[in-house]
Structure formats: structure tokens, C-alpha cells
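>>> Just need the structure, nothing else, for what follows:
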Amino acid sequence: MLRILIFLLLMATPALAWEARTGPVCQLVHEGETARVLVTYDPAISEYAIAITPEDHWAPGPTFSIRFDSPRGLTIATDRHMIGDDGATLTVTDRGFGNVLNGIEFNETATAQLGARAVVIALDGAGPAVRTFRACTAAEST
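Next up is the predicted model:
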């Protein structure tokens, strides 16, 4: 009976893992406690994108930044972000995403910030998914 209860509790818990999905557009997906993160690479236009959808909406702001904390911490900032019409999803696109992928793969947390709104994203277990995503982007680029 205890095994059944534990199984049911585990099935009811949301998946917090990072997942790579391969296909015509490579995807790195995280359904976290604080936000949904979707990193994509579209080889048809040679463009990467990161879309972050937190529990609460984003408020407009001039500069978006994402800080990756320990052991290979770094901060990336841009004024080329977009907030969707509904205010829920913030998206940044670029032709290169090496720093973003390194930040996700090699650190413990990421803090996405726009104005006074900051969202902390756990990066536990992201490494293998990032490596699969990188392999997908390399295969799709050739």
C-alpha cells in the first residue's frame, strides 16, 4: 500500500527536469516551479531563442538580464527583448547562444530580470539536456 501511495505522489508531482527535444527545430524545455523556459534553435533561419514564462506576467522594462550563479557565473543583458501581447512570455532571439547554453549547463541557478521583476530558475540536471540540444543544433546546421 505504501508503494502505491509513493507512486501516486510521484506521478502527481510536476516534472522539473530539463528536456531536449530534437526535430526540425531543436528545443530545450524546462517546466520549473517558477517558470517555463523554452530554448529553441531554428536552422531554417539560423536563429536561437529563449522564451521565459513565469507564474506572473512581465512588466515592460528597458533592459533584460539573466544572471547565472556558480560555479561558472556570468551575466548577460540585452535591450532586444520582446514581451508577448499577453505579457506572460519574454523572448530574446540571437544568432549565437553560446553564453546562454554555457550558463544553463554549468551553473546552479539563473535569475531572469526585467525591471523590478526577477525570476529564479533552477538549473539542476540541465547539463545532459543541454549537451543533447547542442548535438541537435550541430546536426541541423550541417
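>>> hey, let's count contacts and neighbours off CA atoms from now on
Fine.
>>> Can you name the element that comes right after the lowest-mean-pLDDT helix or strand in the chain?
Counting by mean pLDDT, DSSP states H and E, the weakest-scoring helix or strand in the chain turns out to be helix 2-12, with a mean of 38. On the C-terminal side of helix 2-12, the closest following helix or strand by DSSP states H and E is strand 18-21.
>>> Check which helices and strands the helix or strand following that following strand sits against.
Sequence-wise, the next helix or strand beyond strand 18-21 is strand 26-31, with elements assigned using DSSP H and E. Other elements packing on strand 26-31 under the criterion 3 or more Cα pairs under 8 Å, 6 or more residues apart in numbering; DSSP states H and E are strand 18-21, strand 35-42, helix 126-141.
>>> Show residues contacting strand 26-31.
In this structure, residues lying in contact with strand 26-31 by Cα atoms under 8 Å, 6 or more residues apart in numbering are 14-21, 36-42, 129-130, 133, 136-137.
>>> Return the residues in contact with the residue most central in space within the chain.
For the chain, residue 37 is the residue whose C-alpha lies nearest the centre (Cα atoms, centre = their mean; 3.5 Å). When the contact criterion is Cα under 8 Å, 6+ apart, the partners of residue 37 are 28, 29, 30, 31, 50, 51, 52, 53.
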